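> Give the three-dimensional model of this entry:
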Amino acid sequence: MTTHTVVSKYEPLTEFLRRQSGAVVRMSFDEIERVIGAKLPPSATLHRALAKTANCTTALHRCSIYESREAGQRLSSMLSMGLSKPWPDALQAMTGSRDMDASAILDYFAPLQAWLQEQNKGQPVGW
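As a prediction, this is how the structure comes out:
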């Protein structure tokens, strides 16, 4: 039987992060793209798109769009579509793409995941 190993396009990021000494690594989207050698999907989540509109340069879990007029207008524009348009149209208006992508949720919780991995090092994981 032949086994095939599937390698994620984010594997270079995983390896990069493993080589870092700190528990928290702050990186911009551009830095992540350089490490993985590919563009992050523009449709990752609405929060990522709004954070980019707000010119947020911190880690995604630290981004606030609270005082960004541009991000607020973009969100309002999307929400004003209501039920008049299919949700992929609203997604495209917000992110530039009709495709859903869960990578932003992984980015958002990456600090927690890193902390949990450090806390559980050498411990059995599971039920």
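> rest of the way, CA atoms for contacts and neighbours
OK.
> which residue is nearest the middle of this structure?
In the chain, the C-alpha nearest the mean C-alpha coordinate belongs to Ala104, at 2.1 Å (CA atoms, centre = their mean).
> what stretches of the protein score poorly on pLDDT?
In the predicted model, the chain carries pLDDT under 70 at residues 1-8, 28-29, 40-45, 100-102, 125-127.
> quick one, helices of it?
Ranges of helices within the chain are 11-18, 29-36, 46-53, 69-79, 87-95, 103-119, based on DSSP state H.
> quick one: stretch 83-92 to chain centroid distance?
Between the centre of stretch 83-92 and the centre of its host chain there is 21 Å, according to CA atoms, centre = their mean, to the nearest Å.
> Any buried residues in that stretch, and which?
89-92 (16 or more other CA atoms under 10 Å).
> Just the closest of those residues to Lys121, please.
Leu91 (38.7 Å; CA to CA).
> Surely the closest one is in contact with Arg98?
Yes. Under the criterion of CA atoms under 8 Å, Leu91 makes contact with Arg98 at 5.8 Å.
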